[in-house]
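In: Would you be able to build a 3D model of this:
(one chain, ligands or ions: 1)
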Amino acid sequence: MIVKQIWTANNYRNFNYLIACAETGEALAVDPLDHEKCLRAARDEGWTITQVLNTHEHRDHTGGNDAVVAQTGAAILAHRNARDSIPGMTRGLAAGDVVKVGKTVELEVLDTPGHTMCHVCLCSHTDQPALFCGDTLFNAGAGNCHNGGHPAELYKTFSEQLARLPASTRIYPGHDYIENNLRFTLDREPDNRDAADMLSRFAGHDPANAVVTTLDIERTINTFFRLSSPTVIARLREAFPDLPDEPDERTVFLKLRELRNKW
Ligand SMILES: [Zn+2]
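Out: Just a heads-up that it's a prediction; the model follows:
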């Protein structure tokens, strides 16, 4: 499996991806908003895009579909409940489905509601898994829920699915928000040395050469995985004085999500 991360350099800071089979050169394009860059990258590598996968229905993820399909005739895959919102969808996906690319690549579908209720992530069947997580999980952050999502569902997705993936899983998010997110982590947990180190290394970084984290790293720098940190809880109590003595992780997650919206 070959993964090419494509930085769109647009205002929304989208990342697009090509996932290719090294043997056949067939490729799947994830959220190819910048269709020109995606098509050019495929051409440069000698790959053929045969499938487009939309992690969810938002326009900054689906807006390149038509152009890619016009050029390549690729099939469009997305959450099975997204048929009404994604024109031309040809395959509806459910949890546990496997998307094959060429002969060598297998990507397992995770049904991951929260950012929207029709969101899928893909996790590769490789020795070191790769997670294509759209707007569910970002480097050092979590997706928002205000365009068709639900914070409680996002928490369930984090705790019941993402947190259970292997620690070595590589994280490929739908946007470059790492710098801003690290600042939020440090706002919530000022004594987080890992987040401070990472911010000093990646402040002003070039997203065309973005860092690829792992789930293990996310556990140290992503406040939405640090729900039992005493500092996170103590800081949260400053904003929410009614917080119980030992708040459950769900409560902490939802309060953090709420604060992040206003931050
Ligand atoms: Zn979105």
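In: Give me the neighbour count for E36.
Out: 13 (other C-beta atoms under 10 Å). Quick note: C-beta positions are derived from backbone N, CA and C, even for glycine.
In: Over to the closest residue to C133 other than its chain neighbours. Which of the three states is it?
Out: Counting by C-beta to C-beta, 6 or more residues apart in numbering, C121 is the residue found nearest to C133 once chain neighbours are left out, at 4.6 Å. For C121, the assignment made with DSSP: H, G, I helix; E, B strand; the rest coil gives strand.
In: Near the ion, which residues of this protein are found?
Out: Contact residues (C-beta under 5 Å from the ion) of the chain with the ion: H58, D135.
In: how about the strands in the chain?
Out: Under the criterion DSSP state E, the chain contains strands at 2-7, 15-20, 26-30, 48-53, 75-79, 91-93, 98-101, 105-111, 120-124, 130-134, 137-138, 141-142, 170-173.
In: follow-up on the earlier one: kindly tell me how buried the residue nearest to C133 is, as a neighbour count.
Out: 26.
In: before we move on, back to that, export the strands of the chain to CSV and tack on mean pLDDT?
Out: Output for these, formatted as CSV (pLDDT from 0 to 100):
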stretch, mean pLDDT
strand 2-7, 98
strand 15-20, 98
strand 26-30, 98
strand 48-53, 98
strand 75-79, 98
strand 91-93, 98
strand 98-101, 98
strand 105-111, 98
strand 120-124, 98
strand 130-134, 98
strand 137-138, 98
strand 141-142, 98
strand 170-173, 98
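In: Give me the buried positions along stretch 70-87.
Out: Under the neighbour-count criterion of 16 or more other C-beta atoms under 10 Å, stretch 70-87 has T72, A74, I76, L77, A78, H79, R80, N81, A82, S85, I86 buried.
In: got a list of contacts for it?
Out: Taking contacts as C-beta atoms under 8 Å, 6 or more residues apart in numbering, the residues outside stretch 70-87 that touch it are 29, 35, 39, 48-57, 62, 65-66, 68-69, 88-94, 99, 111, 117-120.
In: Just the buried ones from those, in PyMOL syntax?
Out: Here is the PyMOL command that selects the buried residues among those (16+ other C-beta under 10 Å):
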select buried, resi 29+35+39+48+49+50+51+52+53+54+55+56+57+62+65+68+69+89+93+99+111+117+118+119+120
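In: who touches the nearest residue to I171 once chain neighbours are set aside in this structure?
Out: Nearest residue to I171 in three dimensions, chain neighbours excluded: T213, at 4.9 Å (C-beta to C-beta, 6+ apart). The neighbours of T213, taking C-beta under 8 Å, 6+ apart as the test, are N139, R170, I171, I221.
In: Please apply the same query to T251.
Out: Contacts for T251 (C-beta under 8 Å, 6+ apart) come out as L243, P244.
In: run the last query once more with 7 Å
Out: Listed by C-beta atoms under 7 Å, 6 or more residues apart in numbering, T251 has no contact partners.
In: Can you check the pLDDT for it?
Out: At T251, the predicted lDDT confidence score is 98.
In: and what of T136?
Out: pLDDT, read off for T136, is 98.
In: How many residues are close by the residue in the stretch 101-250 of the chain that the ion sits nearest to?
Out: Here the stretch 101-250 of the chain gets closest to the ion at one residue, D135, 3.8 Å apart by C-beta to the ion. D135 sits with 28 neighbouring residues when counted by other C-beta under 10 Å.
In: Please tell me how far stretch 134-153 is from the chain's geometric centre.
Out: Relative to its chain's centre, stretch 134-153 lies at 9 Å (C-alpha atoms, centre = their mean, to the nearest Å).
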